[in-house]
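[1] structure, please.
(one chain, ligands or ions: 2)
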Amino acid sequence: MSDGHSAAISWSDARRLAHETGRARSGGVELVPIADATGRTLAGDLTALAPLPGYASSAMDGWVVAGDAPWRLGAPILAGDRPASAPLAAGTARAITTGGPIPHGSRGVLRSENGTTRDGMLLRAASVRPDEPRAGEHVRHIGEEIAEGEPLLPSGVILTPPRVALAAVAGYDSLPVREVPAADVVLLGSEVIGSGIPAPGLVRDAYSPHFPALLAGMGVRVRELRHLSDDLAATTGALRASSASLVLSTGGTAGSAADHVRGALRELGAALVIDGVAMRPGHPVMLALLPGDRPMLCLPGNPLAAMLTLASIGLPLVDGLLGRPLAALGTVQLADEVKNESGQTRLVTFTLHADGAAPTSRQGSGMLRGLAASDGVAVIPPGGAPAGSRAETVPLPW
Ligand SMILES: Nc1nc2c(c(=O)[nH]1)N[C@H]1C(S)=C(S)[C@@H](COP(=O)(O)OP(=O)(O)OC[C@H]3O[C@@H](n4cnc5c(N)ncnc54)[C@H](O)[C@@H]3O)O[C@H]1N2
Ligand code: MOO
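    Ligands and ions are numbered 1, 2, ... in the order given. The predicted structure is shown next:
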């Protein structure tokens with residue numbers, strides 16, 4: 001294990017490496033009822049179990065007609081009726097509701113606002129196109145959205161409400177999803193307190209109020225969240241006691257006498273996958289493998305640094321653990337020049353304006369106001385970026 005940041009790798013290599021580290025350790029698969037699947041990660045390719053739509057149906061309330069006007073009216077068809085076995089004869093029409101099954105032999109559907117009925121006959125309204133309905137007009141054809149057996153959803157997608165809806169209408173009652181990794185969180189810092197207004201010398205913990213919800217949104221369940229003072233034995237002991245498949249720590253990553261993450265990792269015989277990243281803020285971030293081949297993400301204590309390393313490295317790690325692809329970066333146009341003389345990737349919080357993204361104020365590594373006000377985080381390469389240029393943006397887990 002190296003000291004300092006001699007082993008720092010680039011921000012984009014760190015993202016890739018974190019994702020690969022997670023992917024190589026992705027967890028098991030379970031089958032859950034579809035009603036419990038929203039927000040989970042799909043763990044298998046889905047094909048359509050049935051065509052969509054499953055039968056030719058009306059897209060409008062109106063009349064299904066065969067042949068030319070005027071049409072003699074038959075019995076109405078309702079959504080929920082079984083498809084008629086007899087074809088619709090030329091010169092006849094049946095009232096139909098949206099979703100009602102279209103009989104064979106039909107020409108199309110005349111919308112209710114485009115027809116009038118008199119004495120058991122249906123006529124087009126005067127203002128209506130004379131060829132309405134054209135062949136197949138206002139008919140939803142069987143399989144026009146997807147044919148049976150066609151790919152429906154690929155493995156690794158997050159089951160958003162639209163995807164769960166799609167799987168349901170394509171016939172699924174249960175879905176294979178990735179098991180939710182359980183994480184233990186260790187907050188380090190003798191100066192850190194959990195409630196109230198801190199006295200001088202103390203700081204209020206920025207992480208425990210939202211980490212369980214933030215990590216749940218990423219697909220991880222926080223099992224235990226512990227606060228430890230800066231003590232090597234306590235840190236080592238807490239890490240040794242944890243059997244979680246993922247461990248997160250905050251603080252204690254730097255090299256001062258009060259920073260014990262590095263020492264604890266050494267005592268546990270952990271391997272460092274990432275030992276510092278060429279990024280500002282956040283360069284002391286580490287990714288280690290604890291005994292049992294369990295990833296541990298060590299976030300710096302400074303709040304902006306912790307949040308941006310969680311987004312930069314933690315999200316790719318979790319995406320990998322859940323079998324998801326590495327999220328693509330976004331882009332944004334910069335309203336102002338953004339300097340970067342650090343020689344490292346600079347992450348800059350911005351707000352959006354008519355002329356593009358403008359850096360927020362108050363984005364020191366120990367601050368939160370800039371991030372709290374921001375619409376996103378831009379990736380500024382070494383050397384900076386001119387006004388009007390496009391910058392990449394960080395996929396954020398919140
Ligand atoms: N000589 C050097 N000193 C420091 C370097 C360096 O390269 N050389 N890097 C600086 C950078 S950058 C960062 S980031 C920090 C990383 O430090 P640690 O991970 O060891 O974090 P701590 O020292 O424990 O805390 C830093 C800062 O953050 C506050 N903190 C910690 N935990 C919390 C919490 N739960 N909620 C809110 N705030 C927290 C803590 O009070 C400190 O102010 O090191 C720099 N130093
Ligand atoms: O790199 Mo530190 O993480 O700037 O605050």
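[2] which residues touch the residue of the stretch 251-398 of the chain found nearest ligand 1?
    When distances are taken as CB to the nearest ligand atom, the stretch 251-398 of the chain approaches ligand 1 most closely through Gly301, which lies 2.5 Å from it. Heads up, the C-betas are built off the backbone N, CA and C, glycines and all. By CB atoms under 8 Å, 6 or more residues apart in numbering, Gly301 lies in contact with Leu188, Gly189, Thr250, Gly251, Gly252, Thr253, Ala254.
[3] change it to 6 Å
    Residues touching Gly301, when contacts are defined by CB atoms under 6 Å, 6 or more residues apart in numbering, comprise Thr250, Gly251.
[4] now swap in Gly343 and tell me
    For Gly343, the set of contacting residues under the criterion of CB under 6 Å, 6+ apart consists of Pro382.
[5] could you list the low-pLDDT ranges of this protein?
    Under the criterion of pLDDT under 70, the regions of the chain flagged as low confidence span 1-6.
[6] give me the phi and psi angles of the residue of the stretch 251-398 of the chain closest to ligand 1.
    With angles defined as degrees, to the nearest 10, Gly301 shows backbone torsions of phi -80, psi -30.
[7] got the domain boundaries for this protein?
    For the chain, whose domains are defined here by automatic domain parsing, the residue ranges read 2-28+179-321, 33-51+148-178, 57-140, 330-393.
[8] now do the end-to-end distance for the second one.
    Separation of the first and last residues of domain 33-51+148-178 by CA to CA, to the nearest Å is 13 Å.
[9] what is the burial count for the closest residue to Ser229 other than its chain neighbours?
    Distances taken as CB to CB, 6 or more residues apart in numbering place Ser190 nearest to Ser229, at 4.0 Å, with adjacent residues excluded. Under the neighbour criterion other CB atoms under 10 Å, Ser190 is assigned a count of 14.
[10] before we move on, what SS does Ser190 have?
    Using DSSP: H, G, I helix; E, B strand; the rest coil, the secondary structure recorded for Ser190 is coil.
[11] measure it to ligand 1 for me?
    As judged by CB to the nearest ligand atom, to the nearest Å, Ser190 and ligand 1 stand 9 Å apart.
[12] wait, that residue touches His227, no?
    No. Ser190 is not in contact with His227 according to CB atoms under 6 Å; the separation is 9.9 Å.
[13] which residues in the stretch 251-398 of the chain form strands?
    For the stretch 251-398 of the chain, strands defined by DSSP state E, counting those that start in this stretch occupy the ranges 271-275, 277-280, 286-290, 294-299, 330-333, 345-353, 356-359, 376-380, 390-393.
[14] wait, is Leu239 part of a helix?
    Yes. Secondary structure assignment places Leu239 in a helix (three-state DSSP).
[15] quick one, what contacts it?
    Counting by CB under 6 Å, 6+ apart, Leu239 has contacts Ala264, Leu268.
[16] same thing but 7 Å
    Contacts for Leu239 (CB atoms under 7 Å, 6 or more residues apart in numbering) come out as Val186, Val247, Ala264, Leu268, Leu290.
[17] of all those, which two lie farthest apart?
    For the contacts of Leu239, with distances taken as CB to CB, the pair at the greatest spread is Val186 and Leu268 (12.6 Å).
[18] higher neighbour count, the two?
    Set side by side, Val186 and Leu268 show unequal neighbour counts under other CB under 10 Å, the larger going to Val186 at 24 against 16.
[19] leaving out the residues flanking it, which one is nearest to that one?
    Excluding its sequence neighbours, the residue lying closest to Val186 (CB to CB, 6+ apart) is Ser249, at 4.5 Å.
[20] partners of whichever strand or helix holds the one you found in the sheet?
    Using DSSP states H and E, the element containing Ser249 is strand 246-250. The strands that strand 246-250 pairs with in its sheet are strand 182-188 (parallel), strand 294-299 (parallel) (by DSSP bridges).
[21] for those, could you give me CSV that also reports distance to Ala387?
    Converted to CSV, the strands paired with strand 246-250 look like this (distance: least, CB to CB, whole Å):
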stretch, distance to Ala387
strand 182-188, 40
strand 294-299, 32
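[22] most neighbours per residue, which of those strands?
    strand 294-299 (a mean of 26; mean count of other CB atoms under 10 Å).
[23] so how far is it from its chain's centroid?
    Between the centre of strand 294-299 and the centre of its host chain there is 21 Å, according to CA atoms, centre = their mean, to the nearest Å.
[24] that strand vs strand 271-275, what angle?
    For the pair strand 294-299 and strand 271-275, the angle between their directions (axes from the mean of the first three to the mean of the last three CA atoms, to 10 degrees) equals 30 degrees.
[25] hang on, Leu166 is in a helix, isn't it?
    Yes. Leu166 forms part of a helix when assessed by three-state DSSP.
[26] circling back: adding distance to ligand 2, write the strands of the stretch 251-398 of the chain out as TSV.
    Below are those laid out as TSV (distance: least, CB to the nearest ligand atom, whole Å):
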stretch	distance to ligand 2
strand 271-275	14
strand 277-280	6
strand 286-290	12
strand 294-299	9
strand 330-333	22
strand 345-353	10
strand 356-359	16
strand 376-380	14
strand 390-393	19
